[in-house]
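*Asks:* What would the 3D arrangement of this be:
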Amino acid sequence: MVTGLLPAGNAGLLTRLARMLNERRSPDCFALLLLIPLALLAGISAAQVGATQPATAPVQSPAPAQAPAQSPPAQAPTTQPTPALPPAPLPAVRITLDEAINRAFTHSHVLKAAETTIHQAQAEEITANLRPNPVLSGDSQFLPLFGNPPNSPTSTTLDQLSQFDVGIGYLIERGGKRHHRLQAARDVTAQTRSTVLDNQRTIAFNVAQQFIVALLADSNLQFAQQGLDSFQQTVTISEERYKAGDISQADYLKIKLQLLQFQTDVSAAQVARVQALATLRQLMGYTAVPQNYDVAGDLAYTPVNQNEDDLKALALRTRPDLIAAQGGLTASKSAYELERANGKRDVNVAFNFSHVAGYSSGSWFANMELPIFNRNQGEIARTRYAITQAQENAYAASDIVLTDVESAYAAVSTNQQVVQLYLGGYLKNAQDSRDISEYAYKKGGASLLDFLDAERSYRATELAYRQALASYMTAVEQLKEAVGTRNLP
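*Replies:* Residues are numbered from 1 along each chain as shown. Model (predicted):
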């Protein structure tokens, strides 16, 4: 029989093991014998742990006479170097339409190249206003290169036999050539200025048109994202209804497939927005705005109430291309007067000082070409026909201005009617139809086909409305271009 002193916690276990060994009822006595030492070791370890635990001391108040012990000075905590944070991205620069046009005027390389033609024309004015340079002449004759005459020193030979002449001449222009040259150059400069202003008019329209395209792309992206978020909720509700057995698996799969269309619309809208902003940046100048810029503004409807005849009259006064054509007529008349002046023959005058045979004298000379055969008839006739050509070009430019205003005004009126149709009820009807169908479908009162059809109609109507707004705003910009001013009365 197995006995011994054991901890109280393991006495019952070892008593049962000893009883089993004494009775030899267990088929595996050898295994039981191995378990006994393990139990003894576990009990001894538990007893040692209990003996080593200290007793809890009572809390005593500190003696008042004792001074507190000085603790060692605390060391300052070592500061770890803070890793440098990456620079925060700069906020996107938002520009308005007027700012975009001004930046294009400042940074557009095409416009800068056109503006140099003004400086070139002004340089031509300087050239046209220049007077002829005087002509200095001189000569020496009968120099004793191979020896002096007999019994004649060199100084005597130079004084008595050689000849020296010094003269100055000047061209006197007749017919007022310098005045006509300057006037013709000034007229060309005025025409060039109008041409550059017409380039600005074209660039302003191109920037405004592309700015509206960017606004449309931004609006379509926001609408596509809102539609995706809204339809995602519909998919979630449909999944719950499918799990509850309210709809079939086929209807649930149709809903999920429709979600793909919304995701595709968002991706397409993102690409369109990036492309629109890139094209607008090219028109403004690549360095005019940072890469992460954005457009500020919304697609908005502002009615145009001006009269067409008033706009035509304003265009005839302000269109730069028409002013340039009229300036071409003025320049051609100045060119004609200049060629007539060129038909007048100029006079060359000169004064010569001569020293011959020991005597000094002065001489006056004058010469003029006799206009017997060449009186500049060809250039005079050419410039006369050029006046007729410039007159016809001015008439054609006037017709173009009136046609542009008429076409632009018709486009504004038509697009204005389309926008008013949407605002008059069609836009709200499409939204109400979608909301009613969505609510009825979620409550089980409408079929899936009715809901999807209402959703497609609403999306198509919203996109068409945004396109109508963009078309109307583009038509207004086209009308401003046709009139030739950014501020319609």
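*Asks:* Would you state the strands of the stretch 51-200 of the chain in chain order?
*Replies:* Using DSSP state E, counting those that start in this stretch, the strands of the stretch 51-200 of the chain run over 94-95, 135-141, 163-172.
*Asks:* Which of these sits closest to residue 420?
*Replies:* Set against residue 420 and scored by CB to CB, these come closest in strand 94-95, at 29.7 Å. For every residue, glycine as well, the C-beta is placed using N, CA and C.
*Asks:* Give me the neighbour count for the closest residue to residue 238 other than its chain neighbours.
*Replies:* In this structure, residue 238 finds its nearest non-sequential neighbour in residue 255, 4.5 Å apart by CB to CB, 6 or more residues apart in numbering. Per other CB atoms under 10 Å, the neighbour tally for residue 255 reads 23.
*Asks:* ok, residue 255 to residue 438 distance?
*Replies:* 12 Å (CB to CB, to the nearest Å).
*Asks:* Quick check, central residue of the protein?
*Replies:* Nearest residue to the geometric centre of the chain (CA atoms, centre = their mean): residue 281, 2.3 Å.
*Asks:* backbone phi and psi for the nearest residue in space to that residue that is not next to it in sequence, please?
*Replies:* Excluding the flanking residues, the one nearest residue 281 by CB to CB, 6+ apart is residue 289, at 5.9 Å. Dihedral pair for residue 289: phi -140, psi 150, per degrees, to the nearest 10.
*Asks:* same deal with residue 247?
*Replies:* phi -130, psi 160.
*Asks:* isn't it right next to residue 241, touching?
*Replies:* Yes: using CB atoms under 8 Å, residue 247 is in contact with residue 241, at 4.9 Å.
*Asks:* In terms of neighbours, single out the busier of the two.
*Replies:* Neighbour count, other CB under 10 Å: between residue 247 and residue 241, residue 247 has more, with 21 against 18.
*Asks:* any idea how far the more buried one lies from residue 470?
*Replies:* Relative to residue 470, residue 247 is positioned 39 Å away (CB to CB).
*Asks:* before we move on, what about residue 135?
*Replies:* Counting by CB to CB - residue 135 and residue 470 are separated by 69 Å.
*Asks:* Please identify which of the two sits among more neighbours.
*Replies:* Using other CB under 10 Å, the more surrounded residue of residue 135 and residue 470 is residue 470, with 20 against 12.
*Asks:* rewinding a little: overlap of the contact sets of residue 255 and residue 438?
*Replies:* residue 234 (CB atoms under 8 Å, 6 or more residues apart in numbering).
*Asks:* that older thread, ok, the residue nearest to the centre of the chain - contacts?
*Replies:* 288, 289, 293.
*Asks:* Let me see the ranges of the helices in this structure.
*Replies:* Along the chain, the stretches classed as helices by DSSP state H are 8-23, 29-52, 97-107, 109-128, 154-160, 177-244, 249-284, 308-318, 320-342, 377-421, 427-442, 448-483.
*Asks:* ranking the ones you listed by mean pLDDT, which is last?
*Replies:* Here the helices of the chain differ in mean pLDDT, and the lowest is helix 29-52 at a mean of 44.
*Asks:* okay, now the closest residue in space to residue 214 that isn't next to it in sequence: neighbour count?
*Replies:* Nearest residue to residue 214, sequence neighbours excluded (CB to CB, 6+ apart): residue 276, at 4.1 Å. A count of neighbours around residue 276, defined by other CB under 10 Å, yields 20.
*Asks:* any idea how far residue 276 lies from residue 194?
*Replies:* Computed as CB to CB, the residue 276 to residue 194 distance reads 32 Å.
*Asks:* now residue 458
*Replies:* Taking CB to CB, one finds residue 458 at 50 Å from residue 194.
*Asks:* the domain parsing of this structure - what is it?
*Replies:* Segmentation of the chain into domains, based on automatic domain parsing, reads 8-44, 95-144+158-483.
*Asks:* Which of the ones you listed has the highest mean neighbour count?
*Replies:* Per residue and on average, the most neighbours among these fall to domain 95-144+158-483, with a mean of 16 (mean count of other CB atoms under 10 Å).
*Asks:* now the domains of the chain as a markdown table including distance to residue 151?
*Replies:* Converted to a markdown table, these look like this (distance: least, CB to CB, whole Å):
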| stretch | distance to residue 151 |
| --- | --- |
| domain 8-44 | 158 |
| domain 95-144+158-483 | 12 |
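*Asks:* Hmm, residue 235 is touching residue 254, no?
*Replies:* No: Residue 235 lies out of contact with residue 254 (CB under 8 Å); the separation is 10.7 Å.
*Asks:* would you turn the helices of the chain into TSV with distance to residue 358?
*Replies:* Converted to TSV, the helices of the chain look like this (distance: least, CB to CB, whole Å):
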stretch	distance to residue 358
helix 8-23	158
helix 29-52	148
helix 97-107	74
helix 109-128	47
helix 154-160	5
helix 177-244	43
helix 249-284	81
helix 308-318	77
helix 320-342	46
helix 377-421	52
helix 427-442	111
helix 448-483	83
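*Asks:* Nearest to residue 148, out of those helices?
*Replies:* Of those, nearest to residue 148 by CB to CB is helix 154-160, at 4.7 Å.
*Asks:* hmm, who's touching that closest one?
*Replies:* Taking CB under 8 Å, 6+ apart as the criterion, the residues outside helix 154-160 that touch it are 143, 144, 148, 149, 152, 357, 358.
*Asks:* And the last one, how far from residue 158?
*Replies:* Read it as residue 358. Distance, residue 358 to residue 158, using CB to CB: 10 Å.
*Asks:* Now the common contact residues for those two.
*Replies:* Shared contacts of residue 358 and residue 158, defined by CB under 8 Å, 6+ apart, are absent.
*Asks:* Quick one: residues contacting residue 434.
*Replies:* Residue 434 neighbours (CB under 8 Å, 6+ apart): 454, 455, 457, 458.
*Asks:* wouldn't the second one be in contact with residue 255 here?
*Replies:* No: in terms of CB under 8 Å, residue 455 does not count as a neighbour of residue 255; the distance is 10.3 Å.
*Asks:* still on that earlier bit, list the contacts for the residue nearest to residue 214?
*Replies:* Contact analysis of residue 276 by CB under 8 Å, 6+ apart lists 210, 213, 214, 216, 217.
*Asks:* Let me know whether the second one touches residue 473 as I believe.
*Replies:* Same thing as residue 213. No: look at residue 213 against residue 473 with CB under 8 Å: they stay out of range, at 10.1 Å.
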